[in-house]
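Visitor: One predicted model, sequence on top.
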Amino acid sequence: MASIRLDRFIASTAIALFLCAGGTALAEPPADAQAAAAAAETPSTTSDPAANSDQSAQPAMSSPDTAAAPTTDTAPASAAEPAASTTSPTTAAEPTDQPAAASTQEPAEERAPTTAETPPATPQPATAGGGDEVPAPTATSSRGAAPHEPAAAASTAVADGNAAITEKLRELANGKFDRMLGGKRDRAAIDSYYSGRDYAPLWLTDGKPNARARAAVNYLGHVDADGLDPADYPVPDFASASDPAALAEAEVRLTLSVITYAHHAEIGRVHWSRVSGDIYYEQKAPNPGDVLGKIAGASDVSEALASYEPQSPGYVALKAKLAELRAGQEEAAQAPIANGPSLKIGMQDGRVAQLRERLGVAAEDNSIYGKALAEAVKRFQQDHELKATGLLTPATIEALNGRQPDRPIDTIVANLERWRWMPHELGRTYVMVNLPDFTLRVVQDGKQLWKTKIVDGKPNLPTPIMSAEMKYITVNPTWNVPPSIVAKEYMPALQQDPTVLERMGLNVSTNPDGTVHISQPPGERNALGRLRFNFPNKFLVYQHDTPEKQLFAYEKRAFSHGCMRVQDPVKYAEVLLSLVRPREGYSEDRIRRMFGNNETDISFPTFIPVHLTYQTAFVDEDGKLQFRDDVYGRDKVLLSILKSDERKVADTPIERKDNAVRRELLAMPEPSFFGGRSYYPGGGNFFSRLFGGPSWDQQPAPASRRRSAQRPTEIQ
């Protein structure tokens with residue numbers, strides 16, 4: 001041992017003299033070097049704080065031997081010499097994931113243990129994308145730089161700061177975040193996410209908000225572009241958080257706002273059940289842990305958050321119109337054409353220039369209603385199902401101006417919200433019904449294949465809003481009267497006149513349980529017509545043919561009990577079957593040849609989504625913003641929730657009692673095909689008593705029948 005100490009003394013002295021002579025920046029004054037050499041030569045039997053302090057202040061040396069100088073068993077672990085290094089001081093100060101290689105020039109038993117020198121850092125899993133990485137845990141290195149070096153000091157401070165925030169998050173989690181989240185439904189999922197990362201912060205790096213946090217805060221501040229309110233997603237002021245506890249709370253608050261936003265963007269700010277019992281969707285809110293994991297792994301946080309909003313063309317186009325309206329652009333582009341006398345070719349009028357601009361007709365004489373302009377008006381009338389005369393009539397002016405609501409921005413906000421209720425993946429091929437527009441479209445790969453008029457529910461018996469899958473078409477359908485209607489309405493009629501149903505062409509039979517079954521066989525007088533389009537759903541509604549073709553001449557066609565009548569059902573069937581059974585030749589002629597008295601089902605090998613929507617604001621095929629009347633009052637209820645105290649709990653569903661009788665009424669076709677003949681004893685049409693309201697040719701009922709046209713109270 002004495003020889004080893006002598007060798008080391010000689011080596012240490014030589015190194016000190018070399019550094020002094022060379023004038024290198026690493027050299028210490030010779031006195032310090034001699035003191036260090038003397039300390040290395042003299043065995044230590046007791047702890048000397050001053051000596052330890054001087055020793056810890058030494059720079060990392062380039063000699064492995066000096067770095068590996070042992071101490072006696074009585075020396076504290078903190079008194080071990082600085083770690084060996086063959087690099088510059090700057091390199092030595094950088095943190096590393098790998099421990100320094102131990103010297104191989106001396107036996108292991110003579111090297112001082114180092115495992116107790118530095119307490120292990122709290123593990124912090126690294127996350128990728130969208131911001132600064134959370135530092136990964138690093139192994140304790142024997143190459144640690146001296147405490148007085150700035151880089152090493154900064155590294156230690158950062159590690160301590162992160163550890164303190166992590167510890168505060170752990171403390172919050174011990175109460176399951178109750179103080180901050182209260183009874184929030186997501187608290188268990190939030191705790192699970194953070195416990196899975198050992199409570200390392202997501203939004204903080206080095207004790208400061210990282211790029212991920214800055215991007216999220218910026219995005220949440222601009223969600224009004226999607227018709228949402230940024231105030232619903234409060235963001236913390238990280239700058240005012242001066243200690244680990246405040247930073248931990250800021251971390252949780254931003255997490256909660258991001259999760260709340262994802263929930264609202266994915267399935268709606270207002271839960272549909274609060275608006276009406278005639279709405280139903282099966283969408284589920286995203287799992288909070290999945291949301292946070294997606295953000296943590298995102299290369300673009302804004303893009304990741306935006307992905308929770310619908311991406312369908314209808315939503316995107318309406319969102320763009322909202323921005324235009326707020327900027328005042330759409331209002332200027334859609335200045336209304338004034339009412340006035342009907343115009344025909346050759347007439348002079350001050351509205352002509354505006355009309356030319358609206359229809360894209362080149363200027364001739366800006367005050368003369370010329371032939372080219374009349375032709376453009378005629379095409380517009382044809383496209384909008386108006387009488388195509390080429391005359392500028394009041395009805396044409398109304399169609400050109402569109403229906404402008406009192407508060408168009410509010411109307412768009414309500415419609416963007418309803419888009420969020422729907423499945424965000426509409427399907428490659430789907431049927432889109434717009435109830436306030438009374439239209440049905442078949443869409444494939446984003447392009448409209450076919451469009452037709454429909455009749456939908458009365459305001460007091462609205463067609464529901466929902467999505468379902470069309471599974472088959474029934475040719476020559478039988479109409480089976482719902483049991484509750486049989487019991488409540490048909491049986492009393494039979495008691496008064498046992499022949500009434502027979503005279504109406506209905507069949508009466510007895511079910512095995514003794515109840516009465518009433519149905520109408522297939523035929524041209526059947527209430528469902530010749531075709532029924534089936535997409536099973538809780539409301540029992542469907543689409544079908546109708547003998548009452550005159551109803552399609554009306555602009556507003558809210559006449560049914562909830563089911564949808566299709567203007568051209570044969571063409572509709574051909575279009576659908578060409579998509580699901582393309583090689584089987586289901587042409588219109590073939591379908592008509594199937595008409596008869598036998599009910600037949602044509603099943604779909606692949607189902608087609610059917611979306612029953614309520615779009616009072618939408619962008620048409622020409623890119624123009626259109627408005628429709630709030631025929632069922634859905635906008636009014638939704639906007640009132642958003643502007644009242646109910647908004648605080650509006651994203652929570654409510655239970656609604658299922659009304660089986662009303663549901664069966666929704667499934668009932670309007671039996672106006674009886675032509676208003678009096679079947680009910682004592683005067684009055686039996687169906688007028690049952691359903692009330694005007695006859696379907698819009699003529700007032702004869703005076704002798706008006707007294708009996710009141711709706712029974714039990715089915716209101």
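Guide: Looks like it arrived, so ask away. On a predicted model such as this, the values are computed, not experimentally measured, just so you know.
Visitor: Would you mind listing the buried residues in stretch 375-384?
Guide: 376-378, 380-381 (16 or more other C-beta atoms under 10 Å). Glycine gets a C-beta too; all of them are placed from N, C-alpha and C.
Visitor: which stretches of the stretch 451-600 of the chain have low pLDDT?
Guide: Filtered on pLDDT under 70, the stretch 451-600 of the chain yields no residues whatsoever.
Visitor: returning to that earlier point: closest to Val508 among the buried residues of stretch 375-384?
Guide: Closest approach to Val508 among the buried residues of stretch 375-384 (C-beta to C-beta): Gln381, at 48.7 Å.
Visitor: surely the closest one meets Thr389?
Guide: Yes: using C-beta atoms under 8 Å, Gln381 makes contact with Thr389 at a distance of 7.0 Å.
Visitor: Among the buried residues of stretch 375-384, which ones are in helices?
Guide: Cross-referencing the buried residues of stretch 375-384 against helices under DSSP state H gives 376-378, 380-381.
Visitor: Strands along the stretch 201-350 of the chain, start to end?
Guide: 204-205, 208-209, 279-280 (DSSP state E, counting those that start in this stretch).
Visitor: which of those sits most buried?
Guide: strand 204-205 (a mean of 26; mean count of other C-beta atoms under 10 Å).
Visitor: helices and strands around that one, which ones?
Guide: helix 150-174 (3 or more C-beta pairs under 8 Å, 6 or more residues apart in numbering; DSSP states H and E).
Visitor: The same query, at a cut-off of 10 Å, please.
Guide: Packing contacts for strand 204-205, counted by 3 or more C-beta pairs under 10 Å, 6 or more residues apart in numbering; DSSP states H and E, involve helix 150-174, helix 211-220, helix 244-267.
Visitor: What are the buried residues along stretch 504-516?
Guide: Buried-residue list, stretch 504-516, by 16+ other C-beta under 10 Å: 504, 506, 516.
Visitor: In CSV: these, plus secondary structure and distance to Ser257.
Guide: Formatted as CSV, the buried residues of stretch 504-516 follow (DSSP: H, G, I helix; E, B strand; the rest coil; distance: C-beta to C-beta, whole Å):
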residue, secondary structure, distance to Ser257
Met504, coil, 61
Leu506, coil, 60
Val516, strand, 59
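Visitor: and of those, the nearest to Val486?
Guide: When the buried residues of stretch 504-516 are compared against Val486 (criterion: C-beta to C-beta), the nearest one is Val516, at 5.7 Å.
Visitor: just checking, that closest one touches Pro483?
Guide: Yes: with contacts counted by C-beta atoms under 10 Å, Val516 reaches Pro483, the gap being 8.7 Å.
Visitor: I'd assumed Leu577 was in contact with Gly585.
Guide: Yes: at 9.1 Å, Gly585 and Leu577 qualify as touching, with contact defined as C-beta under 10 Å.
Visitor: Between the two, which has more neighbouring residues?
Guide: Leu577 (19 against 10; other C-beta atoms under 10 Å).
Visitor: Which neighbouring elements make contact with the strand or helix carrying the more buried one?
Guide: Per DSSP states H and E: Leu577 is located in helix 569-580. In terms of contacts (3+ C-beta pairs under 10 Å, 6+ apart), helix 569-580 is packed against strand 429-434, strand 439-444, strand 447-457, strand 465-475, strand 531-534, strand 543-544, helix 588-593, strand 600-613.
Visitor: what angle separates it from strand 439-444?
Guide: Angle, helix 569-580 to strand 439-444, by axes from the mean of the first three to the mean of the last three C-alpha atoms, to 10 degrees: 20 degrees.
Visitor: Pull out the buried residues from helix 569-580.
Guide: Using 16+ other C-beta under 10 Å as the test for burial, helix 569-580 gives 569-570, 572-580.
Visitor: How about stretch 488-497?
Guide: For stretch 488-497, a neighbour-count test (16+ other C-beta under 10 Å) marks 488-490, 493-494 as buried.
Visitor: can I get those residues in TSV with distance to Ile454 and secondary structure?
Guide: Output for the buried residues of stretch 488-497, formatted as TSV (distance: C-beta to C-beta, whole Å; DSSP: H, G, I helix; E, B strand; the rest coil):
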residue	distance to Ile454	secondary structure
Lys488	28	helix
Glu489	26	helix
Tyr490	28	helix
Ala493	30	helix
Leu494	33	helix
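Visitor: List just the nearest of these to Tyr554.
Guide: Using C-beta to C-beta, those come closest to Tyr554 at Glu489, 27.1 Å.
Visitor: Look up how far Gly585 lies from the closest one.
Guide: 43 Å (C-beta to C-beta, to the nearest Å).
Visitor: Same check on Thr205?
Guide: Counting by C-beta to C-beta, the gap from Thr205 to Gly585 is 65 Å.
Visitor: Okay, now the unreliable bits of the stretch 101-250 of the chain?
Guide: Ranges of the stretch 101-250 of the chain meeting pLDDT under 70: 101-161, 175-180, 182-185.
Visitor: swap the cut-off to 50 and go again
Guide: Applying pLDDT under 50 to the stretch 101-250 of the chain picks out residues 101-159.
Visitor: mind listing what the residue nearest to Ala338 when sequence neighbours are not counted touches?
Guide: Leaving aside its chain neighbours, Ala338 sits nearest to Arg351 (5.9 Å; criterion: C-beta to C-beta, 6 or more residues apart in numbering). By C-beta atoms under 10 Å, 6 or more residues apart in numbering, Arg351 lies in contact with 337-341, 343, 358, 367, 369, 392, 397.
Visitor: hmm, 8 Å instead?
Guide: Neighbouring residues of Arg351 by C-beta atoms under 8 Å, 6 or more residues apart in numbering: 337-338, 340, 343, 392.
Visitor: Buried by neighbour count, from those: which ones?
Guide: Using 16+ other C-beta under 10 Å as the burial test, these include 337, 343, 392 as buried.
Visitor: Surely the last one touches Ser342?
Guide: Spelled out, it's Leu392. Yes: with contact defined as C-beta under 8 Å, Leu392 counts as touching Ser342 (6.0 Å).
Visitor: what's the domain layout of the chain?
Guide: Each domain of the chain is listed here as a residue range: 2-117, 151-309, 335-401, per automatic domain parsing.
Visitor: As CSV, the buried residues of helix 569-580 with distance to Asp620 would be great.
Guide: Compiled in CSV, those are given as follows (distance: C-beta to C-beta, whole Å):
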residue, distance to Asp620
Pro569, 24
Val570, 26
Tyr572, 21
Ala573, 26
Glu574, 25
Val575, 21
Leu576, 23
Leu577, 28
Ser578, 25
Leu579, 24
Val580, 28
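Visitor: which of the residues in stretch 267-283 are buried?
Guide: By 16+ other C-beta under 10 Å, the buried positions in stretch 267-283 come out as 267-272, 274-281.
Visitor: what's next to that stretch, contact-wise?
Guide: Outside stretch 267-283, the residues touching it (C-beta under 8 Å, 6+ apart) are 228, 232, 266, 284-285, 417, 420-423, 462-467, 537-539, 632, 634, 637-638, 641-642, 646-647, 650-656, 658-659, 666.
Visitor: Out of those residues, list just those in strands.
Guide: Judged by DSSP state E, the contacts of stretch 267-283 include 465-467 as members of strands.
Visitor: Most neighbours out of these, which is it?
Guide: Neighbour tally across those (other C-beta under 10 Å): the maximum, 24 neighbours, falls on Ile465.
Visitor: Just the pLDDT for the residue nearest to that one when sequence neighbours are not counted.
Guide: Distances taken as C-beta to C-beta, 6+ apart place Ile279 nearest to Ile465, at 4.5 Å, with adjacent residues excluded. Ile279 is assigned a predicted lDDT (pLDDT) of 97.
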